[in-house]
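S.K.: Fold the following.
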Amino acid sequence: MSSASHSAMPPPAGGEFQRPFRVKSHLLSADFLETSSSPRKNFAPIGALPVHVQEAIMLKELLAVLQGQSKDYIYVLPLDNPMGTCTFGLDDSLDAAVKHYVLELLPIASLYSKIARFIDGGDENSCGMVMHAFLFGLRQFLREYKRFLTDREDASRTGQLTIQQLYHHILPLFDSFQSLDAVIDVSVADSVRGGALLSLLQDRIVRFARTKEVEQLLLELTKAAAKPFLHMLSQWMHEGTFEDPYGEFMIATPKQRRPNETARRMHDASYWERRYKLVPEMVPSFLLPFTDKILRSGKYLNIIHQCGHSIRDQEAPVLQFNLNSRYYEAEVERAFLHASGRLLHLMLDSENLMPKLRTFKHFFLLDRDDFLPDFFVYAADDLRLPVSAVDKGKLLELFDDAVKTSVLNGNPYKGMMTPTVRGSDLLLLIHNTSEPGSSSSNSDRRKESVVLNCFTMDCQIKFPLCLIINDQAKQYQILFQHLFRLKVVEWNLTQLWTSCVNSTNAAYTILCSSFIHQMLEFIKSLQHYFSGEVIEPYWAQMMVKIRAAKTFDEVFEEHNEFITSCSKDCMLTSPDILRLMYKLLDNCGSNCSTLQDPRFTSHAATMSATLDVMQENFAERIASLMRLFADSHQNREFDYKLLDAVQRIDYNDYYRNQQLERSRSREESGSGSARDFRICSSSSHS
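M.R.: Numbers count the residues shown, from 1 in each chain. Predicted coordinates for the structure are as follows:
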């Protein structure tokens with residue numbers, strides 16, 4: 001007795017294996033219902049019969065066995081594994097020539113049996129819609145296969161078919177069965193389902209289809225399996241929803257434990273980042289290049305729906321599997337542009353994005369700062385208090401009173417903006433973040449805890465504008481503090497200048513007015529650079545691009561580019577420059593206090609010497625700042641804005657020449673060596 005066998009494979013996940021297999025009424029496949037470890041009794045050895053009779057019997061039995069039916073002389077041995085390979089027993093007395101053809105054809109019967117068992121075992125709800133669609137395709141294949149064998153049975157009855165002819169007719173099907181067997185092996189071993197099954201099928205088409213027939217078979221099966229997945233994909237991209245009861249789609253929705261909390265956080269930008277997530281193992285390989293746009297398309301439609309707008313303005317198209325990636329690229333791009341464009345129109349038309357961005361510019365970037373002088377007058381004492389001692393409610397009232405006297409009082413969105421006092425200086429936080437090993441002294445911490453250094457603006461950003469602004473809100477606050485400090489120093493110097501020129505002390509006016517003017521011009525030069533050379537050009541550029549934008553993503557990227565560029569060119573990403581700049585601002589503040597001190601103005605004899613020391617310290621720090629500016633300019637090719645700022649501050653090389661004179665004086669006195677620095681290269685002057 002002989003047998004034909006193949007390697008076994010592990011059982012499919014889920015359910016216990018039970019024999020015999022029961023064919024369900026809706027299945028077209030049928031596995032061998034009877035097994036035996038020996039030939040049936042009461043049958044004489046087939047070898048005792050003439051050869052032509054043996055061939056006729058074997059032909060009849062082969063046609064039955066190839067369709068999953070046990071017979072008399074070809075019987076199925078019991079299986080040890082539910083997805084193992086069937087082995088068959090034969091009468092050893094069978095003619096050698098006939099036996100050769102029988103053994104060549106039995107592997108087809110074995111592969112048929114495995115496919116039939118895979119279909120029966122996979123007919124469970126837990127397998128998912130994609131697997132069910134794939135199984136439907138396999139049933140169609142087996143139906144055609146049985147139709148093929150039925151035709152051969154008809155030919156056999158009329159004597160028009162021999163076992164040799166059956167072998168040559170079936171041989172071309174062997175590659176198809178082997179390809180399906182390989183797919184089944186991988187899908188069972190790795191529990192492949194959903195989008196992963198589609199990746200497996202496409203990989204088999206591209207890499208392992210050896211003939212046109214096999215490629216066409218796998219293509220038809222993939223088209224069938226992809227239908228439910230592509231239906232979910234079309235729903236998601238065009239309606240912002242999908243039905244995935246078995247968890248086989250490429251996008252998942254995390255379960256929300258607290259519905260009330262979910263409703264509150266739905267208007268938070270971070271909520272929408274976590275609301276829908278890609279499931280990497282369920283992303284079909286043919287959709288990998290487009291996953292980001294697919295995810296965002298549905299998210300945008302959900303945002304529109306959350307805002308109370310209808311999103312079903314067109315029917316979701318029927319997508320079909322296609323080996324050409326350009327097909328998916330075109331469909332995804334069309335859906336993405338539609339969803340992103342609709343969200344953009346919602347932002348611009350219904351949510352008034354442009355005027356609200358201008359409100360941000362007025363308050364955070366201080367391009368409408370006529371309320372600040374009144375605010376400084378009203379809140380002068382409060383701004384000098386420690387953070388823990390300030391009455392924030394009173395500060396808010398003083399701020400509102402100042403705004404009422406300015407052009408911003410007519411701004412319909414001024415209610416979005418409220419002053420606030422942070423627990424720590426955001427600019428100090430930048431310094432500590434950029435230098436993790438740095439630490440501030442106790443006196444520095446006490447100084448930084450003054451309200452003036454922690455005062456900033458806050459904003460109430462409602463949904464859906466929070467999707468654009470939330471991530472950059474902190475950068476807006478840092479920019480505000482950056483510009484606000486300059487405004488504070490400018491106001492103090494202006495007050496000092498006014499008192500100086502109106503002073504009855506002629507010596508004080510003559511000696512100090514020039515130095516006060518130097519400090520004031522330095523502050524104004526910095527302000528001109530930050531506002532006129534950085535913020536305004538970038539703002540104008542952003543406005544042009546937003547007006548020309550076609551999608552929400554373009555607006556998001558342009559706004560992000562605007563705030564990032566402003567932060568970089570305002571030196572907020574250069575800790576060395578920022579540190580020295582604030583030392584200069586602190587120096588200006590301490591100079592203001594000294595020049596207003598009655599003890600300074602009443603001692604004419606020491607006034608000149610003290611003033612010389614202050615001027616020298618101020619000039620040295622400006623010279624150091626100019627060196628850092630020059631180095632930064634060299635590291636930023638074609639950054640002519642920074643070069644203009646350097647030339648404006650050090651007009652006619654005033655501070656450079658002062659530094660040269662001091663260096664020569666030190667050399668003559670033996671106190672040191674000259675340190676010449678050059679701010680502008682010869683190419684810059686040209």
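
S.K.: what's the spacing between Pro373 and Asp95?
M.R.: 114 Å (Cβ to Cβ, to the nearest Å). C-beta here means a position set from N, CA and C on the backbone, and glycine is covered the same way.

S.K.: Just want the most central residue of the chain.
M.R.: Centroid check for the chain by Cα atoms, centre = their mean gives Asp292 as the closest residue, at 7.0 Å.

S.K.: thinking Thr162 is in contact with Glu55, fair?
M.R.: Yes - assessed by Cβ atoms under 8 Å, Thr162 is found in contact with Glu55 at 7.1 Å.

S.K.: quick one, which of those two is more surrounded?
M.R.: Legend: neighbour count by other Cβ atoms under 10 Å for Thr162 and Glu55, higher for Glu55 (20 against 16).

S.K.: what's the more buried one in contact with, if anything?
M.R.: Residues near Glu55 by Cβ atoms under 8 Å, 6 or more residues apart in numbering: 95, 98, 162-163.

S.K.: List only buried entries from the residues you listed.
M.R.: When the contacts of Glu55 are checked for burial by 16 or more other Cβ atoms under 10 Å, the buried set is 95, 98, 162-163.

S.K.: In helices only, show me those residues.
M.R.: 98, 163 (DSSP state H).

S.K.: Just flag the most distant two among the buried ones among the contacts of Glu55.
M.R.: Asp95 and Thr162 (13.7 Å; Cβ to Cβ).

S.K.: Report the mean confidence score over stretch 250-268.
M.R.: The pLDDT scores in stretch 250-268 average 62.

S.K.: swap that for stretch 164-171, please
M.R.: Mean pLDDT, stretch 164-171: 93.

S.K.: repeat for stretch 413-429
M.R.: What stretch 413-429 shows for mean pLDDT is 78.

S.K.: mind listing what's buried in stretch 74-92?
M.R.: Result for stretch 74-92 [16+ other Cβ under 10 Å]: buried residues 74-77, 79, 82-91.

S.K.: Please state the offset of stretch 379-390 from the chain centre?
M.R.: Between the centre of stretch 379-390 and the centre of its chain there are 42 Å (Cα atoms, centre = their mean, to the nearest Å).

S.K.: Quote the end-to-end distance of that stretch.
M.R.: Using Cα to Cα, to the nearest Å, one end of stretch 379-390 lies 11 Å from the other.

S.K.: cool, stretch 91-100 as well?
M.R.: Using Cα to Cα, the two ends of stretch 91-100 sit 13 Å apart.

S.K.: which residues are contacting it?
M.R.: Under Cβ under 8 Å, 6+ apart, the answer for stretch 91-100 is 1-2, 39, 45-48, 51, 54-55, 58, 73, 90, 102, 163.

S.K.: So which of these belong to helices?
M.R.: Using DSSP H, the contacts of stretch 91-100 in helices are 51, 54-55, 58, 102, 163.

S.K.: a markdown table please, covering those residues and showing distance to Arg485.
M.R.: Below are the ones in helices among the contacts of stretch 91-100 laid out as a markdown table (distance: Cβ to Cβ, whole Å):
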| residue | distance to Arg485 |
| --- | --- |
| Val51 | 107 |
| Gln54 | 104 |
| Glu55 | 102 |
| Met58 | 99 |
| Val102 | 94 |
| Ile163 | 97 |
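
S.K.: Which elements pack onto the biggest helix by length in the chain?
M.R.: Looking across the chain with DSSP H, the single longest helix is helix 604-635. Identification of packing neighbours for helix 604-635 by 3 or more Cβ pairs under 8 Å, 6 or more residues apart in numbering; DSSP states H and E yields helix 506-527, helix 575-596, helix 598-602, helix 640-649, helix 654-669.

S.K.: and the shortest one, what does it pack onto?
M.R.: Other helices and strands packing on helix 598-602, by 3+ Cβ pairs under 8 Å, 6+ apart, are helix 604-635.

S.K.: Just give me the closest of the ones in helices among the contacts of stretch 91-100 to Leu138.
M.R.: Val102 (25.9 Å).

S.K.: Can you give me the distance of that closest one to Gln165?
M.R.: Val102 sits 14 Å away from Gln165, going by Cβ to Cβ.
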